[in-house]
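Undergrad: Below are the sequence and a predicted model for it; my questions follow.
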Amino acid sequence: MFTLSYICLTGVISGREYNRAVRVHKIVYEALYRLWRAFTSSRSANTVQAVESVASLISSLRSNLDTDQCNFLLSSQSYQELYEEFKSWRVACGSPTALFWQSYLDVVGLLLRYIRSIRQGNWTLHLSCIRDMIPWMFAYDRVNYSRYLTVYWCEMMSLPESHADAYQLLRCGEFTVQRKPGSSFAQVAVDHCIEQTINRDTKTKGGIIGCSLRPGAVQRWITTAHDRAAMTSACFDLATIHSRDSQHKNATRRSRDLTAVESVCDTLSSWINPFDDMDSQTLVNISSGSVAPPEVSADLLDALDKGVAASEQFINDRIGTVNRGFFDNLPAMKLKTFSSVKNTVRVSSKEKEVILRADRTLFARLLLISQTRQIDIQHVLSFSLGPFPWSLATAQGQLRKTAKSAMIPGLEGDSSPEEGLLDAAVIVDGMAVLQSLRLGADTFGDLARTVLSSVLNTHRPSRCYHFVVDQYPSVSIKNFERSKRAEHGAIAVRITRPSQRCPKQWKKFLSLGQNKEALVDFLMNEWATSNFTQVLHEIELYVCHGNFCDLLTSIDGKSVQRTIVADLECDHEEADTRMFLHAKYAASISDS
């Protein structure tokens with residue numbers, strides 16, 4: 001099982017845990033490429049033979065890993081045909097979620113190429129990776145890296161003309177250090193080598209901190225650093241204590257990595273496979289199902305293009321010419337990510353102040369006019385003095401609302417419920433149940449059981465229940481009111497599985513109409529599974545969804561039958577009016 005603690009995961013994401021971060025990204029990188037099932041099912045007939053040929057070459061390469069055989073595989077015609085078709089298929093993928101994770105694969109691939117350039121001392125590949133990193137630095141406002149990596153790349157590209165001898169040395173790999181002879185993939189950067197040797201061997205408990213504040217002692221501590229490092233290294237050699245070999249060649253480590261890749265594949269498959277739904281037009285968080293707003297989706301998918309434009313402008317304005325100073329402030333891109341969705345906006349209302357100010361100003365004007373004209377102030381004050389009738393609208397021109405729940409005491413006072421009628425139908429406002437629900441369920445599967453239990457157990461015992469809900473069309477007279485409810489932010493969530501966790505911000509989740517429609521569809525599909533056969537045994541449950549209504553019942557207690565009820569099809573938007581139709585239908589069924 002591949003698990004990380006919260007502290008380790010924070011270090012991986014922030015980059016402080018470098019070795020662990022590289023391993024995690026490599027495992028996720030491998031797992032994501034294994035999830036390209038959509039490509040394997042869309043291959044052409046000509047590619048099938050190429051796949052078989054490449055698979056045969058890979059099998060022989062596993063038994064005898066050799067550089068020549070690897071190069072032969074990469075240059076083979078079968079591999080080139082398969083790779084070209086894969087690239088064309090990637091470009092044709094139109095799903096924003098797939099495109100986002102493709103960009104992640106590109107960035108991790110860039111990281112691995114950069115590590116390879118250091119390990120092999122490949123100067124050309126090193127500069128190519130630096131050039132590909134620069135746009136990402138500009139896109140995500142890494143100011144120092146954006147500024148100085150660009151200068152570094154420009155200066156290194158001009159070395160053949162300015163310092164030809166230094167350029168030849170760098171091409172031969174003189175920008176890295178080979179600490180272990182005989183290993184072709186073990187070179188490290190110069191500063192990394194200093195950290196691993198002199199700085200590491202000269203470390204003492206507490207370091208320079210707390211050692212001494214006297215300038216002479218600090219000077220001696222610094223000037224003798226290399227001698228202390230040499231003595232430490234000699235002691236290690238005398239005790240035959242050497243650094244361990246690379247773990248990448250260890251069979252146990254390779255087995256653990258393979259298990260971790262399979263674990264990540266299983267986890268991603270249980271969430272949302274980003275490469276399965278290629279027809280989706282939304283960017284979805286694969287773990288929570290949250291749908292990114294359009295502005296967040298646009299920033300995430302266009303980050304590279306915006307970074308390229310910013311880097312080219314920086315080179316043209318500050319390095320190629322002197323239009324702007326090199327150290328002038330760099331404009332921040334401020335691209336939005338999934339974390340931007342959680343940011344809250346606080347809005348303060350000054351409605352009362354606006355009303356008082358409007359009334360006071362108008363009243364003062366009337367008093368001034370009444371000094372010169374004959375005006376009946378008592379008659380004037382019998383009308384509304386504000387820009388809007390305060391009894392009907394707010395100072396911003398929005399309609400005032402009244403609480404519909406205030407009608408309940410009056411309706412209940414004139415009714416006398418009859419007890420003991422098992423054949424009576426119970427009609428429930430489904431959205432009222434969801435709104436009043438205290439979310440205690442961890443997953444949507446648990447939520448389905450909680451909602452059904454609330455409908456069946458908290459109302460009058462019956463054999464017939466109607467779960468009636470609202471509709472949320474794109475064009476509606478209530479859109480203004482719904483947008484007002486969601487003014488503090490709404491989270492669009494795509495529900496894909498019963499094990500998916502419910503959002504913690506439940507009220508914010510319910511403030512979006514498409515979330516409620518998706519939740520109702522999920523509840524109906526979940527209740528129709530075999531998990532609810534015993535609960536629905538000899539019970540009729542009518543569930544509204546969209547314009548339609550389905551009847552769910554379990555006659556034999558082994559399966560749930562699902563039937564569309566044509567008489568309950570209705571395009572009314574409000575559940576309040578649809579409940580009258582269900583009441584009429586229940587009465588007609590009871591009479592018959």
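TA: Looks like it came in fine.

Undergrad: who touches stretch 138-155?
TA: With contact meaning CB atoms under 8 Å, 6 or more residues apart in numbering, stretch 138-155 is reached by 127, 130-131, 133-134, 137, 303-304, 306-307, 310-311, 314-315, 319, 326, 330, 332-335. C-beta here means a position set from N, CA and C on the backbone, and glycine is covered the same way.

Undergrad: out of these, which are buried?
TA: Using 16 or more other CB atoms under 10 Å as the burial test, the contacts of stretch 138-155 include 127, 130-131, 133-134, 137, 303-304, 306-307, 310-311, 314-315, 330, 333, 335 as buried.

Undergrad: Let me see the ranges of the helices in the stretch 51-200 of the chain.
TA: 67-75, 77-92, 96-120, 123-139, 143-157, 159-162, 164-171, 190-196, 198-201 (DSSP state H, counting those that start in this stretch).

Undergrad: Tell me which of those helices sits nearest to Arg20.
TA: Arg20 lies closest, by CB to CB, to one member of the helices of the stretch 51-200 of the chain: helix 96-120, at 13.9 Å.

Undergrad: Run the angle between the closest one and helix 77-92 for me.
TA: If you take axes from the mean of the first three to the mean of the last three CA atoms, to 10 degrees, helix 96-120 sits at 130 degrees to helix 77-92.

Undergrad: Can you list the helices and strands that helix 96-120 packs against?
TA: helix 18-34, helix 123-139, strand 187-189, helix 294-301 (3 or more CB pairs under 8 Å, 6 or more residues apart in numbering; DSSP states H and E).

Undergrad: Now do the shortest one: everything it contacts.
TA: Which is strand 187-189. For strand 187-189, using CB under 8 Å, 6+ apart, the contacting residues are 118-121, 173, 175-179, 196.

Undergrad: Show me the strands paired with it, marking each as parallel or antiparallel.
TA: strand 176-178 (antiparallel) (DSSP bridges).

Undergrad: Touching the partner strand from outside, list them.
TA: Contacts of strand 176-178 (CB under 8 Å, 6+ apart): 118, 121, 186-190, 192-193.

Undergrad: Show the buried residues in the residues you listed.
TA: By 16+ other CB under 10 Å, those give 118, 121, 186-188, 193 as buried.

Undergrad: Quick check: of these, which lies closest to Lys507?
TA: Minimum distance to Lys507 across those is 50.7 Å, recorded for Ile118 (CB to CB).

Undergrad: That closest one against His126, yeah?
TA: Yes. At 7.0 Å, Ile118 counts as touching His126 under the criterion of CB atoms under 8 Å.

Undergrad: Check the burial of Ala239 by counting its neighbours.
TA: Neighbours of Ala239 under the rule other CB atoms under 10 Å: 8.

Undergrad: and it, backbone torsions?
TA: Per-residue torsions, Ala239: phi -90, psi 10 (degrees, to the nearest 10).

Undergrad: What distance do you get for it to Arg179?
TA: 19 Å (CB to CB, to the nearest Å).

Undergrad: which of the contacts of strand 187-189 are buried?
TA: Buried subset of the contacts of strand 187-189 (neighbour count, 16+ other CB under 10 Å): 118-121, 173, 175-177.

Undergrad: Turn those into JSON lines, including distance to Arg578 and pLDDT.
TA: JSON lines is the format used below for the buried ones among the contacts of strand 187-189 (distance: CB to CB, whole Å; pLDDT from 0 to 100):
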{"residue": "Ile118", "distance to Arg578": "67", "pLDDT": "94"}
{"residue": "Arg119", "distance to Arg578": "67", "pLDDT": "91"}
{"residue": "Gln120", "distance to Arg578": "69", "pLDDT": "90"}
{"residue": "Gly121", "distance to Arg578": "73", "pLDDT": "92"}
{"residue": "Gly173", "distance to Arg578": "75", "pLDDT": "90"}
{"residue": "Phe175", "distance to Arg578": "73", "pLDDT": "92"}
{"residue": "Thr176", "distance to Arg578": "72", "pLDDT": "92"}
{"residue": "Val177", "distance to Arg578": "75", "pLDDT": "91"}
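
Undergrad: any idea where the strands of the chain begin and end?
TA: 176-178, 187-189, 290-291, 425-429, 464-468, 492-493, 540-545, 548-553, 561-564 (DSSP state E).

Undergrad: Direction included, what does the last one pair against?
TA: Strand pairing for strand 561-564, determined by DSSP bridges: strand 548-553 (antiparallel).

Undergrad: rewinding a little: can you tell me which of the buried ones among the contacts of strand 187-189 lies closest to Ser499?
TA: Distances from Ser499 to those, taken by CB to CB, are shortest for Arg119, at 40.8 Å.

Undergrad: give the contact list for the closest one.
TA: Contacts for Arg119 were tallied using CB under 8 Å, 6+ apart; they are 185-188.

Undergrad: and the gap between it and Ala432?
TA: 63 Å.

Undergrad: who touches the nearest residue to Asp429 once chain neighbours are set aside in this structure?
TA: Sequence neighbours aside, Ala575 is the residue nearest to Asp429 in space, at 5.2 Å (criterion: CB to CB, 6 or more residues apart in numbering). Counting by CB under 8 Å, 6+ apart, Ala575 touches 429-431, 468-470, 544.

Undergrad: Now, of these, which are buried?
TA: By 16+ other CB under 10 Å, the contacts of Ala575 give 429-431, 468-470, 544 as buried.

Undergrad: May I see the residues you listed arranged in JSON lines, with distance to Trp221 and pLDDT as well?
TA: Below are those laid out as JSON lines (distance: CB to CB, whole Å; pLDDT from 0 to 100):
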{"residue": "Asp429", "distance to Trp221": "77", "pLDDT": "91"}
{"residue": "Gly430", "distance to Trp221": "74", "pLDDT": "91"}
{"residue": "Met431", "distance to Trp221": "72", "pLDDT": "90"}
{"residue": "Val468", "distance to Trp221": "80", "pLDDT": "94"}
{"residue": "Val469", "distance to Trp221": "75", "pLDDT": "93"}
{"residue": "Asp470", "distance to Trp221": "75", "pLDDT": "92"}
{"residue": "Cys544", "distance to Trp221": "79", "pLDDT": "94"}
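
Undergrad: quick one: which of the residues you listed is nearest to Leu452?
TA: For the buried ones among the contacts of Ala575, the nearest to Leu452 is Gly430 (10.9 Å; CB to CB).

Undergrad: tell me the mean pLDDT over stretch 454-462?
TA: The average pLDDT for stretch 454-462 rounds to 77.

Undergrad: I meant stretch 290-297, not that one.
TA: 87.

Undergrad: how far away is the residue nearest the centre of the chain from Asp442?
TA: Central residue check for the chain by CA atoms, centre = their mean: the C-alpha nearest the mean position is that of Asn285, 3.5 Å away. In this view, Asn285 and Asp442 are 17 Å apart by CB to CB.

Undergrad: Over to Val177?
TA: With CB to CB as the criterion, Val177 and Asp442 are 52 Å apart.
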